[in-house]
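**Q** Below are the sequence and a predicted model; questions follow.
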Amino acid sequence: MKKIALVTGGAGFLGSHLVDHLMNHEYHVRVIDNFSTGSKKNIEQWKDSPRFELLEKDILDLKEEESFFKDVEFVFHLASADNEVDSLYNPSHYTSVNFLGTIKVLECCRYQHVKKMVYTSTHKIYGAPNIPTLETDRPRPLTPYALSKISAERAIEQWSFNFNIPASILRVADSYGPRCRYPENYFASYFDVWIGQKVHQVPLTVVGSQDHKWDLIYCTDVANACLALAKIEENKQTYNIGTSKPVAISEIVQKISNNFKTLPEMKMLPKETWLDTSNSGFKTLWSPKVSFEHGIKFTMAAIDDWKESKPWSVDDVYSLVEKWNKCFPN
Ligand SMILES: NC(=O)c1ccc[n+]([C@@H]2O[C@H](COP(=O)([O-])OP(=O)(O)OC[C@H]3O[C@@H](n4cnc5c(N)ncnc54)[C@H](O)[C@@H]3O)[C@@H](O)[C@H]2O)c1
């Protein structure tokens, strides 16, 4: 019998790596995407495969009887609006796509008796967290974006409770790798912006101190984790995924370029992210395979992907930092 998996947001960065992983594991893969940030280029390698189907649609327009969910074993819900700075200025858009959109997907899963749903949440729900951060730590979202993601988690728990929807949640650390580019504004200091800047030969914009450290996870490790979690019998579980090996910003910058400018700090951002991933159960099925040293090499090898990306100037990034800082107390 054919195994059918559905990926919302499958034309995006992480979604398209998950599509690759599922196709390579002989799944019949269905993708729903509205291409708001995703790209047809990310999935074009599969367009002629008889095991691949694409539905260009907004998840907010899904009806519960949507036939695309029929006979689906696993639903991976990755479609999301993710621009944190923009969420401070257009909060209802993020509530709508991330919270109501998740309910639409849950209703389709419920109606079509999907075997399991996996949701990609984010470490951002913790806000300025304890280090290392446990799944049981209290969420303290800093932005409407982070609030919309934790709200979506709550909706999934509610649907599991009331309607017995088998579902699990991954709280993903900052991820990187090929295809990760945001032609429009995303997160001011994120190093995909830096790779774009390297390609366009403009200075890298380092926001705040280079001593800050990030827990980073390579894109294919996220894809592996999604499938591993779908296959676990237990449900209603929430897991952190990261490498638990935070990398200093200075080390990341050094690997990309020595032409950089330092900009003022973004208020309230944690000085370190470090997700504790020692939770049993899942740990026996998954662990990250790609070290930062290898991951950054694979990313730099795909640097031409960033040719069409927006060349962020120092002024662009500065105005984003200002937009962010206006929304937080001193
Ligand atoms: N990239 C990271 O570092 C990271 C970290 C933590 C969590 N995540 C989570 O992983 C998931 C994927 O993130 P990504 O980095 O690949 O982002 P992305 O923007 O590359 O992908 C999101 C995809 O969803 C699609 N989409 C957005 N709104 C939609 C809608 N209303 N209807 C249908 N499709 C829609 C976009 O077109 C895009 O293809 C998200 O849920 C995100 O919150 C990402």
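**A** Nice, thanks for sending it over.

**Q** Got phi/psi on Ser309?
**A** Dihedral angles of Ser309 (phi, psi; degrees, to the nearest 10) stand at phi -70, psi 160.

**Q** How about Val31?
**A** Residue torsions, per degrees, to the nearest 10, at Val31 are phi -120, psi 130.

**Q** for Thr102, same thing?
**A** Per degrees, to the nearest 10, the backbone of Thr102 is at phi -70, psi -40.

**Q** quick one, what contacts it?
**A** Counting by C-beta atoms under 8 Å, 6 or more residues apart in numbering, Thr102 makes contact with His77, Tyr119, Ala152, Ala155, Ile156. (Glycine included, C-beta is placed from N, CA and C.)

**Q** and the strand or helix carrying the third one, average pLDDT?
**A** Spelled out, that is Ala152. Counting by DSSP states H and E, the element that carries Ala152 is helix 144-163. The average pLDDT within helix 144-163 is 97.

**Q** Which strands or helices does it pack on?
**A** helix 84-87, helix 91-94, helix 101-111, strand 116-122, strand 167-172 (3 or more C-beta pairs under 8 Å, 6 or more residues apart in numbering; DSSP states H and E).

**Q** Look up phi and psi at the spatially closest residue to Val290 that is not a sequence neighbour.
**A** With sequence-adjacent residues excluded and distances taken as C-beta to C-beta, 6 or more residues apart in numbering, Val290 is closest to Tyr218, at 3.8 Å. Taking degrees, to the nearest 10, you get phi -70, psi 140 for the backbone angles of Tyr218.

**Q** And for Ser121, the neighbour number?
**A** 24 (other C-beta atoms under 10 Å).

**Q** before we move on, what SS does Thr205 have?
**A** Using DSSP: H, G, I helix; E, B strand; the rest coil, the structure places Thr205 in strand.

**Q** Point me to the helix or strand that includes the residue nearest to it when sequence neighbours are not counted.
**A** Leaving out its chain neighbours, the residue that sits closest to Thr205 by C-beta to C-beta, 6+ apart is Val317, at 4.0 Å. Assigned by DSSP H and E, Val317 falls within helix 314-325.

**Q** for Ser175, same thing?
**A** Using DSSP H and E, Ser175 falls in strand 174-176.

**Q** Please find the angle between the direction vectors of the very next helix or strand once past that strand and helix 314-325.
**A** Counting by DSSP H and E, the next helix or strand C-terminal to strand 174-176 is helix 191-199. Going by axes from the mean of the first three to the mean of the last three C-alpha atoms, to 10 degrees, helix 191-199 is angled at 170 degrees with respect to helix 314-325.

**Q** same for helix 191-199, what does it pack against?
**A** Partner elements for helix 191-199 (3+ C-beta pairs under 8 Å, 6+ apart): strand 204-207, helix 249-256.

**Q** pLDDT of that helix, averaged?
**A** 88.

**Q** neighbouring contacts of it?
**A** Looking at what lies outside helix 191-199 - C-beta under 8 Å, 6+ apart - the contacts are 176, 180-182, 186-187, 203-205, 252-253, 256-257, 260, 299-300, 303-304, 306-307, 309-312, 317.

**Q** Show me which positions of the helix holding Val317 end up buried.
**A** Val317, Tyr318, Leu320, Val321, Lys323, Trp324 (16 or more other C-beta atoms under 10 Å).

**Q** same check, this time on stretch 152-170
**A** For stretch 152-170, by 16+ other C-beta under 10 Å, it's Ala152, Glu153, Ala155, Ile156, Trp159, Ser160, Ile165, Pro166, Ala167, Ser168, Ile169, Leu170.

**Q** Good, we can wrap up now.
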